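Student: after the sequence you'll find the predicted model.
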Amino acid sequence: DTGVSQNPRHKITKRGQNVTFRCDPISEHNRLYWYRQTLGQGPEFLTYFQNEAQLEKSRLLSDRFSAERPKGSFSTLEIQRTEQGDSAMYLCASITTGGAWETQYFGPGTRLLVL
Amino acid sequence: DAKTTQPNSMESNEEEPVHLPCNHSTISGTDYIHWYRQLPSQGPEYVIHGLTSNVNNRMASLAIAEDRKSSTLILHRATLRDAAVYYCILRDPDNQFYFGTGTSLTVIP
């Protein structure tokens, strides 16, 4: 257990529905990342927050995706009008920045299946 | 945009050392080399990282080539619990991680 939690762990939805995932990072970590991982591939960067500010978005993050970190603590990732291609594991990671020994701590992920 | 190259898979006998190679020929002077591993249905788990010098911790050792264009993760005695996908990652100064497809390690009892 890294201290990063994600909910739900699994989500099955029908195409066209909206889904929302939550990530609770390690409490003192000021930076939070979202990744997507499909079968047989490594995690792909989606977006990250420095405190409550969303600083970068990948081109993978279409306009159907939105992420928030309202108080610089937990974060949510929402997918609107889900498509079958959105089926993947969604991973959250957190880090505290400012030192040479920084590393990202990952949560267990939310596995999404779009039918 | 993966910046590292790893073999797709490797096998090792239990209780023998394992050397997992990684090439990162385009590494910049400020990129750190990180290794993570991922068990099925879990998030990646930190293993070790370094910049220029070799590093040791309780999980593994990291040997970094003098020109920093390659590195090797060393598991001193493989156990069945070490079976996982191992990712070699470059971390840029902005803390961005670029994962490749990793090496799937099989440990044979």
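Tutor: Arrived safely, thanks for sending.

Student: get me the contact residues on chain B for chain A.
Tutor: Proximity of chain B to chain A, by Cβ under 8 Å from any Cβ of the partner chain, involves residues B:2, B:34, B:36, B:41-46, B:49, B:51, B:87, B:91, B:95-102. (Glycine included, C-beta is placed from N, CA and C.)

Student: return the subset of those residues lying in strands.
Tutor: B:34, B:36, B:45, B:46, B:49, B:87, B:91, B:97, B:98 (DSSP state E).

Student: give the pairing partners of the lowest-mean-pLDDT helix or strand in chain A; include direction for each.
Tutor: Evaluated with mean pLDDT, DSSP states H and E, the helix-and-strand set of chain A has its lowest mean pLDDT in strand A:53-57, which scores a mean of 88. The strands that strand A:53-57 pairs with in its sheet are strand A:44-50 (antiparallel) (by DSSP bridges).

Student: which outside residues touch the strand it pairs with?
Tutor: A:30-38, A:54-58, A:60-61, A:65, A:67, A:69, A:72, A:75, A:77, A:97, B:96-99 (Cβ atoms under 8 Å, 6 or more residues apart in numbering or on different chains).

Student: whichever of those residues end up buried, select them in ChimeraX.
Tutor: Per 16 or more other Cβ atoms under 10 Å in any protein chain shown, the buried members of the contacts of strand A:44-50 correspond to this ChimeraX selection:
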select /A:31,32,33,34,35,36,37,54,57,58,61,65,67,69,72,75,77 /B:96,97,98,99
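
Student: still on that earlier bit, can I get the next helix or strand after the least confident helix or strand of chain A as CSV, trimmed to CA atoms?
Tutor: Where DSSP states H and E defines the elements, the next helix or strand beyond strand A:53-57 is strand A:65-68. Below are the C-alpha coordinates for strand A:65-68, written out as CSV (Å, rounded to 0.1, in the frame of the first residue of the first chain):
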residue,chain,number,x,y,z
PHE,A,65,-12.3,14.0,-20.4
SER,A,66,-12.1,16.5,-17.5
ALA,A,67,-10.1,16.4,-14.3
GLU,A,68,-10.2,18.5,-11.2
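
Student: following strand A:65-68, which helix or strand comes up?
Tutor: Next element after strand A:65-68 (DSSP H and E): strand A:75-79.

Student: so that next one versus strand A:44-50, what angle?
Tutor: 140 degrees (axes from the mean of the first three to the mean of the last three Cα atoms, to 10 degrees).
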